[in-house]
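Trainee: no sequence on this one, just coordinates:
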């Protein structure tokens, strides 16, 4: 009886290995789907986003333009890069302090716009009421954090120039120092597949390849979330939850450290928050 119970609770070693490999394979598909969604939105809205940012509106309008532009292309890095390039080119004015002050609302808006990816991921659990409630709660944390940060810092920036003055001061200190670049290891392994699929879809003329890329990406996202959850549960879900509770999320400070570390490593807050949602 004991041996039968043990065999039921503990799957064969070979089956565990296969399921573990399947977990990593589906996790890779999940990351590819996130990359495909970003690429599709970027292809559909990048030109429009550039025109929005180049309108050079006031602070409040700039904030909403940052939100809209990033929502369209699903990449705060792209929006931020466009704004940085415009500051460097003198689009916001030749005076550094004025240019940086004009750019701050766009950057704030980009931080809010990028959190939409998490909401898309949480929709993968919509068929299960309890799972969707938990996933949506986790995904909305990013939105609330960014919105609350803007509600606090945006008025301070308008009134006192807190962020723009600090950025200008730091820029003057760093002028003349050497720069460095860091390539996300996640993007290194997913970007080639995303680019290959995009080129493949470009060859057909039935539907706009960006829309086709988005549709396939969403299907892949829902598929990967569905089976990733099932596989993890069939393996050691309770052990995994215990590991996260005792190591990753044991304290708020430790959770914050891992969040910062992982985001620096993968160079994408969307990937970090999307991985937390499941």
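Mentor: Arrived safely, thanks for sending. Keep in mind it's a predicted model, so treat the numbers as computed, not measured.
Trainee: what's the end-to-end length of stretch 196-213?
Mentor: Length of stretch 196-213, first residue to last, Cα to Cα, to the nearest Å: 11 Å.
Trainee: show me what that stretch is in contact with.
Mentor: The contact list for stretch 196-213 (Cβ atoms under 8 Å, 6 or more residues apart in numbering) reads 36, 39, 40, 43, 44, 216. (Each C-beta comes from the backbone N, C-alpha and C, glycine too.)
Trainee: that one - what's its average pLDDT?
Mentor: Average pLDDT, stretch 196-213: 85.
Trainee: please apply the same query to stretch 150-166.
Mentor: 90.
Trainee: for that stretch, which residues meet the burial criterion?
Mentor: By neighbour count with 16 or more other Cβ atoms under 10 Å, stretch 150-166 contains the buried residues 150, 154, 157, 161, 163, 164.
Trainee: then stretch 119-137?
Mentor: Neighbour-count burial for stretch 119-137, counted by 16+ other Cβ under 10 Å, picks out 120, 121, 122, 123, 124, 125, 131, 135, 136.
Trainee: among those, which are in helices?
Mentor: The helices, defined by DSSP state H, take in 120, 121, 122, 131, 135, 136 from these.
Trainee: can you say which two of those residues are spatially most distant?
Mentor: Greatest spatial distance in these: 120 and 131, 15.5 Å, computed using Cβ to Cβ.
Trainee: hang on, the earlier thing: who wins for neighbours among the contacts of stretch 196-213?
Mentor: Greatest neighbour count in those, by other Cβ atoms under 10 Å, goes to residue 40: 26 neighbours.
Trainee: so what's it up against?
Mentor: Contacts of residue 40 by Cβ under 8 Å, 6+ apart are 210, 211, 213, 214, 217.
Trainee: what strand or helix carries the second one?
Mentor: The reference is to residue 211. Per DSSP states H and E: residue 211 is located in helix 209-243.
Trainee: biggest separation within the buried residues of stretch 150-166, which pair?
Mentor: 150 and 161 (15.7 Å).
Trainee: check residue 273 and give its pLDDT.
Mentor: Reading off the model, residue 273 has pLDDT 64.
Trainee: over to the spatially closest residue to residue 64 that is not a sequence neighbour. Which of the three states is it?
Mentor: Among residues not flanking residue 64 along the chain, residue 109 sits closest, at 6.3 Å (Cβ to Cβ, 6 or more residues apart in numbering). When classified by DSSP: H, G, I helix; E, B strand; the rest coil, residue 109 comes out as helix.
Trainee: so how far is residue 68 from residue 109?
Mentor: As defined by Cβ to Cβ, to the nearest Å, residue 109 lies at a distance of 8 Å from residue 68.
Trainee: show me which of those two is the more surrounded one.
Mentor: Taking neighbours as other Cβ under 10 Å, residue 109 and residue 68 compare with residue 109 leading, 28 against 18.
Trainee: for residue 160, give me its contacts.
Mentor: Neighbours of residue 160 in contact, by Cβ under 8 Å, 6+ apart: none.
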